[in-house]
Each structure stands twice: as structure tokens, then as C-alpha cells.
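Enquirer: Provided below for reference: sequence and predicted model.
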Amino acid sequence: MMYYAEISVPERLDALLNDWDLLDDRVVKKLTTFKDVGENVVGVRRRMVDGNTVFDPLKGVLPESVEIGPSGLVQQTHEMLSLRITVAGAPHRVPHSMGFWHINDVDELYLTLPPPKPGEPAYFLVIMGNPKPSGNEGESWAQYCRVCLTMLHEHYYKTSQLGLDGHWRANLAAIREFNSDVKFRTCPECGHVNPLAYVWNTAKDTPEEALARQDW
Amino acid sequence: MSTKSEPITNYRIPLVGPEASPLSWQEASRNLIWNARHPAGAPRFGMVELLPEGVVRLPDRDRIFHVVPAGRPHRIEHAFGFWRTCGADALYVASNYADGVVYMMVISTSPQSYQSDKLHWTCLGCGHELHALEIPTRRVHLRGLVERSLAAVRAFNADVPGRTCPKCGAVHPPAYGFEPGDDDDDERTARANW
């Protein structure tokens, strides 16, 4: 008995299935930031991973990511082949990579896959929902006092209606607004003056923001 | 008596090793997650999709990250004993690792358009559709999907005339559900076969 009438192709037919393997060398280059892939937004980073230590070629060693949970800060360890989900609404950041707290209305999933060969970069997958234009979802970039976790500043971006394309520009504007006046950085509760913020893309850093990136 | 609890803000789901779930499927926040592993050297799962042109098989690669668009019938051979047409995109990952191959599928339940899953069987000889059913996944969640699919499998297996193709006469082999741990002896044999 034949099992099915199969189409046999050495490569998937692009006309049928565009970008059918997101880890293919020619495709993965398009995913270094984020790209709409159907109902999701996908990013793939190539990073050196040694045990639980992650090394980004531009940002150096990336510490564990951090979330603000109901009881305070929660450290997230990097682990190969362990799916992580940051639930919608949870403020989270990666020190030295994201100089702000990201609060997303959709879940974010992270998975690290082993490198092709020892000594080569691993694959760090980031997957999140792709808000539909008819939806009401967005995200915000927030600043909290480093001492007492009081919220200092928040900029909301309605991704569903404004789209992913404007995301980076709006993020930069939010960071620059926060950095523009020390009053934003001064905690109204405890008086602590917080450091400057910075965006994800190191190429956008001012000299002062580059210093802040080294700090926190 | 009430107890105080905090909302869950993050999940850690090991896909390999002693902490990996013994169940194939789990629901975490607004995601359905399927996971399996094979030891090194064991035959790999095949992933096939049903297109108007015929069945397309994902080639074996050391690692692959593929999106099955919502509405496209697909199955993972030896894991899904039927064609599944999901109302949301299904993200499929397979990767070699030190001890073998690990597989994962993630489906977000967030899109409002994801209301249901369709399961169906086609004749393995000629492709004629034999039986189909729809499960209202948004309403019954993962547990209902797994339970109802297994019930449908058992009804299909018990119905030999229903498994017999009216066009070519081939008898479809018994089917099996999502969870290997739920298999009876016949379903375990079927899972090994196709």
C-alpha cells in the first residue's frame, strides 16, 4: 500500500511555502531583528553560548534576563533547549542589551538551539504574537527606579495599529524623552537619580548612552 | 479557606533531560506546546503537509524552524494519528542535540480567529477523505482537544467500514491519539507503523 501520493522536491517549492525553514542560512539573515511571519513576529539571533553564559558579538556577555514579578525582581537563567515564556504584561529586560523594561501585551517565547558545531554560534529564537490591525494590542517601554521599583516613565506603542515598522523609531523617541530631563530619572518615592536609558540597537547609542549600557 | 497565590509571569519548559514533561502536550499561558525527543540514531519523525498539489514532506535537516500556516492540514508521523488542521499557525522546530533529536510545536491561542481544530483521515491508498470532525479548541482548551481527539480515534478504529475507502477499497490502518501514554495496545502498534 502506498502511504500518500507525495510531491518529491529537493527544496520546498518557494511558490508554495515561502521561507519554509526560518533557520536556513539565506533566511535567518532576515531575522536578525524581527520579522512578521504569519500570525507571529519572529527573531533569530546567532550568539555564542557556553553553559549558561551568552555572548553577543556587539554587546558582550549578556547576563540573565530579569522580570518584575509580584514579589520583585526575578532572574531568568539562559538554558539550552528550555523554552521560556514571558507572559503578556510582565515587565522584562536584558541588562546591557535593553535599557528599558519591555511590557508586551502578547506572550514572548524564547528558545536556544545548539550550534551546528561546537565553537559556532547557537540559535536564539524569539517568538511573539503579531497583533492584528483590528486588534487592540501594543507594548510599552518603561523605566522603574533601580532602588525601589517605582515606575518613573512609560511610553505605550499600539503595535496592532501602528505596525512593527515604526516600533524602533518610537522606542528611540521614548528613550530620548526619558534621558532628556533629570526629572524623569529622579524617583518621586525615594529620590534616587536613575541612570540614562538606551535602546536595543547599539548603533543608536549616544556616547552617554553607551556608558549607561555598560553600567546596567 | 482561601489561599494567597501570585500570578504566573513566566514559564520554564525544559524540552530535554530529566525535567522534560512526560506528556507530549502542555498549555502554558496562551500557548499550546508539543514536545518530543528521540535518542541519537533513532528514526526521526517525519512532518508532512497536505496541499492541493499533494503531500509535501519537510526534508530532514539538522535543525529546522517551520511555520505551518493556519488552515493547512499537517501531521507528524508517529505522533499525530490523523491530519490536523489548526485554526492558528503552528510553529514547528526540530533540532539535533547531544543526545539525539528534540522536537517542539508551539501554537498560540491568542488569535481570536483560532476557534477550532479539524481532524481528518484520508485513504492512504488514494487520498480520498474518509472521516472528519471539528473540535472547538477555544472552548474546550488543550484537555478537551486531547480527550476528544482520542475519542474520535477510538470511534474511527472501531468502524472498519468507515475506514474502508469507498473509492479504492483500501482499509485505513487504526489511528492513534496525541498522547502516547494514552495508547492501548492496538494504538501503540499503529503509532509504530505510520
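Expert: Sure, I can see it. Numbering: from 1, shown residues only, chains lettered A, B, ... in the order given.
Enquirer: If you count neighbours, what's buried in the top helix by length along chain A?
Expert: Across chain A, the longest stretch assigned as helix under DSSP state H is helix A:167-180. Across helix A:167-180, burial judged by 16 or more other CB atoms under 10 Å in any protein chain shown covers A:167, A:170, A:171, A:172, A:174, A:175, A:178, A:179. In short, each C-beta sits where N, CA and C put it, glycine included.
Enquirer: Surely the third one is in contact with residue A:204?
Expert: No: here residue A:171 lies out of contact with residue A:204, judged by CB atoms under 8 Å, at a distance of 9.1 Å.
Enquirer: any idea which helix or strand comes after the longest helix of chain A?
Expert: Proceeding N to C from helix A:167-180, the next assigned helix or strand is helix A:182-185, under DSSP states H and E.
Enquirer: name the helices or strands packed onto that next one?
Expert: In terms of contacts (3 or more CB pairs under 8 Å, 6 or more residues apart in numbering or on different chains; DSSP states H and E), helix A:182-185 is packed against strand A:151-157, helix A:167-180.
Enquirer: For whichever helix or strand comes after it, list the C-alpha coordinates in CSV.
Expert: Using DSSP H and E, the helix or strand that follows helix A:182-185 in sequence is helix A:207-215. C-alpha atoms of helix A:207-215 as CSV (Å, rounded to 0.1, in the frame of the first residue of the first chain):
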residue,chain,number,x,y,z
PRO,A,207,28.3,58.3,24.0
GLU,A,208,26.4,58.8,27.2
GLU,A,209,24.0,56.0,26.4
ALA,A,210,26.9,53.7,25.5
LEU,A,211,28.3,54.4,29.0
ALA,A,212,24.9,53.7,30.5
ARG,A,213,24.8,50.4,28.6
GLN,A,214,28.0,49.3,30.3
ASP,A,215,26.5,50.2,33.7
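Enquirer: now helix A:207-215, how far from the centre of its chain.
Expert: Relative to its chain's centre, helix A:207-215 lies at 19 Å (CA atoms, centre = their mean, to the nearest Å).
Enquirer: buried sites along that helix?
Expert: Applying 16+ other CB under 10 Å to helix A:207-215 flags A:209, A:212, A:213 as buried.
Enquirer: Let me know the closest of the residues you listed to residue B:137.
Expert: Among those, residue A:213 lies closest to residue B:137 (CB to CB), at 43.5 Å.
Enquirer: That closest one reaches residue A:200, doesn't it?
Expert: No: between residue A:213 and residue A:200 there is no contact under CB under 8 Å: 10.2 Å.
Enquirer: Just give me how far the helix or strand residue A:44 falls within sits from the chain centre.
Expert: When elements are assigned from DSSP H and E, residue A:44 belongs to strand A:40-50. Mean-position distance between strand A:40-50 and its chain equals 10 Å (CA atoms, centre = their mean).
Enquirer: what packs against whichever helix or strand comes after that strand?
Expert: Remark: after strand A:40-50, the chain's next helix or strand is strand A:53-56, criterion DSSP H and E. Using 3+ CB pairs under 8 Å, 6+ apart, the elements in contact with strand A:53-56 are strand A:40-50, strand A:60-62.
Enquirer: Kindly compare burial across these and name the winner.
Expert: strand A:40-50 (a mean of 19; mean count of other CB atoms under 10 Å in any protein chain shown).
Enquirer: in its sheet, what does it sit against?
Expert: Strand A:40-50 has its sheet partners listed here by DSSP bridges as strand A:35-37 (antiparallel), strand A:53-56 (antiparallel), strand A:122-129 (antiparallel).
Enquirer: buried set for the second one?
Expert: If I follow you right, that is strand A:53-56. Neighbour count says strand A:53-56 has A:54, A:56 buried, by 16+ other CB under 10 Å.
Enquirer: Let me see the mean pLDDT of that strand.
Expert: Across strand A:53-56, the average pLDDT comes to 86.
Enquirer: count of residues packed around the residue nearest to residue B:71 when sequence neighbours are not counted?
Expert: With sequence-adjacent residues excluded and distances taken as CB to CB, 6 or more residues apart in numbering or on different chains, residue B:71 is closest to residue B:85, at 6.2 Å. If you count neighbours by other CB atoms under 10 Å in any protein chain shown, residue B:85 ends up with 20.
Enquirer: any idea whether residue B:85 is helix, strand or coil?
Expert: strand (DSSP: H, G, I helix; E, B strand; the rest coil).
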